[in-house]
Each structure stands twice: as C-alpha cells, then as structure tokens.
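Visitor: coords below, sequence missing:
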C-alpha cells in the first residue's frame, strides 16, 4: 500500500525534516503514529497524501512510484485517499451535509443515495441535528466530526488522520476510533497520528514513533504494550 525507501524530505534549502525513512504499510493495516510536536508527523502524512514529493529516496503508493506519476495520475491516486486535517478545511458556505457529501458528488452518485448515506454517518458521529448547519455555527469538536465524516464517507483505500481526536472528549474520540476500525475491517489501510498515547494504548495496533525526523517502530500488533527498546521500522 505504502512504501518508503531511504526517503528524505526538506523544505527549500533547509535541513532534513525527515531523513532515511524506511517504512512499509501493508494493505489493510492499521498504524498509529506518535511523537512530539514538530517531530515530522504531519510531514510524513503530507508525503503519503501526495502533497509533497520526497527530496530523495523512493516513495510508492498503491504500488506506483510517486516520482514517475504525472499530475493527472497523482490526482487519480489522491481520490483513493481520505484525509483528516488538523485544521478541518471545511467549506464555510456549504452545510455539514454538503461538506461530507463532496467526495460522493464528484463521482456522480445520485443525490438521494448521497443524502441517505451522509445523513446516516452524521447521525452516527452525533450530528443528526446539524445536517443543515454551516461550519461557522459549529463548535470546534463538531467541525472535527464533520471533517472525519467527509474523509470516511467514500470508504477510501487509504485513510490518513492528523490528530483526528484533538478537539474531542475521550468518549467521542474512542467511538470514532472504533469507526476507523470498522473501516479497517472492510479493507481500508489506516494511519492515525496522535499525541494522545493513553488513547492509542487502548487499541492493539502497531505504533511507530517519529523523533527528530527518524521513524521507529515501537510496538507491533502482537504486543499488549509498547516495547522497552525501539527497533527500526
């Protein structure tokens, strides 16, 4: 699904933000990514959703070498990726329902089917009474749930979530991670970046950590808790 081979990333002429990343995510896997603020979590996600290309090394998504794809091919690959941004990136002039429906409407699905599917998902995340509300009228936590619903509505092949539970209380955060697990059981490969290691430890999925631009696997799926010694991913 995703493979990094000796990948480095730098912005402009600055130092490496990520260096010598070697990481493979199998189809249908679920990984958490942890690390201190500024360690490079968001930068690694930007590479995965094709917002940047590596400064050096090789990155493959869905078996395609990113460096060999033209703009049109990259656009097609992006349509298979669901993204939950820290800043939500909702469209203020659209309702919650219309924001979530965007990934479906651009593929030409019928309006009746779109409205039914979106309404069900917004109800599941606790926003049944806010279908027609626009983002400026919603709280930060409500906006975050709309953004999450938009990212998962089309059942992407790869779901990337950058601090998706940051503005949510633990009960709702745990419920949304259960939603991610349901998607994962249906075949979606999932990567969740989180600073909430207590929440991460409630779920038995592999965890990799980024420290100073280096990526290390600190827990495999078979472990019940993080290992005491880190090993290279």
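Guide: Thanks, I have the structure now. None of these values were measured; they are calculated from a predicted model.

Visitor: where along this protein do the helices fall?
Guide: 41-48, 71-78, 96-105, 111-124, 140-152, 170-185, 197-200 (DSSP state H).

Visitor: may I see those helices organised as CSV, with mean neighbour count, distance to residue 212 and mean pLDDT added?
Guide: The way it works is simple: take the backbone N, C-alpha and C, and place the C-beta from them, glycine included. Output for those, formatted as CSV (neighbours: other C-beta atoms under 10 Å; distance: least, C-beta to C-beta, whole Å; pLDDT from 0 to 100):
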stretch, mean neighbour count, distance to residue 212, mean pLDDT
helix 41-48, 21, 12, 93
helix 71-78, 12, 29, 90
helix 96-105, 21, 35, 91
helix 111-124, 15, 38, 87
helix 140-152, 22, 29, 90
helix 170-185, 16, 27, 88
helix 197-200, 14, 18, 87
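
Visitor: so which of the ones you listed comes closest to residue 1?
Guide: helix 41-48 (9.7 Å; C-beta to C-beta).

Visitor: elements contacting that closest one?
Guide: strand 2-10, strand 16-25, strand 30-34, strand 158-162, strand 189-193 (3 or more C-beta pairs under 8 Å, 6 or more residues apart in numbering; DSSP states H and E).

Visitor: for those, give me JSON lines that also has distance to residue 128, mean neighbour count and mean pLDDT.
Guide: Compiled in JSON lines, the helices and strands packed on helix 41-48 are given as follows (distance: least, C-beta to C-beta, whole Å; neighbours: other C-beta atoms under 10 Å; pLDDT from 0 to 100):
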{"stretch": "strand 2-10", "distance to residue 128": "35", "mean neighbour count": "18", "mean pLDDT": "95"}
{"stretch": "strand 16-25", "distance to residue 128": "34", "mean neighbour count": "19", "mean pLDDT": "94"}
{"stretch": "strand 30-34", "distance to residue 128": "27", "mean neighbour count": "23", "mean pLDDT": "95"}
{"stretch": "strand 158-162", "distance to residue 128": "23", "mean neighbour count": "23", "mean pLDDT": "94"}
{"stretch": "strand 189-193", "distance to residue 128": "25", "mean neighbour count": "23", "mean pLDDT": "95"}
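
Visitor: distance to residue 175 added to those strands, as CSV?
Guide: As requested, the helices and strands packed on helix 41-48 are arranged in CSV below (distance: least, C-beta to C-beta, whole Å):
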stretch, distance to residue 175
strand 2-10, 26
strand 16-25, 24
strand 30-34, 16
strand 158-162, 14
strand 189-193, 14
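
Visitor: these: which one's closest to residue 204?
Guide: Residue 204 sits nearest to strand 30-34 of all those, at 9.5 Å, using C-beta to C-beta.

Visitor: what does that closest one rub up against?
Guide: For strand 30-34, the external contacting residues (C-beta atoms under 8 Å, 6 or more residues apart in numbering) are 25, 41, 44-45, 180-181, 184, 189-195, 197, 200, 203, 205-210, 218.

Visitor: what pairs with that strand, parallel or antiparallel?
Guide: strand 189-193 (parallel), strand 207-211 (parallel) (DSSP bridges).

Visitor: okay, these in CSV with distance to residue 92 next?
Guide: Shown next, in CSV, are the strands paired with strand 30-34 (distance: least, C-beta to C-beta, whole Å):
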stretch, distance to residue 92
strand 189-193, 25
strand 207-211, 32
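
Visitor: to residue 90, which of those strands lies closest?
Guide: strand 189-193 (19.4 Å).
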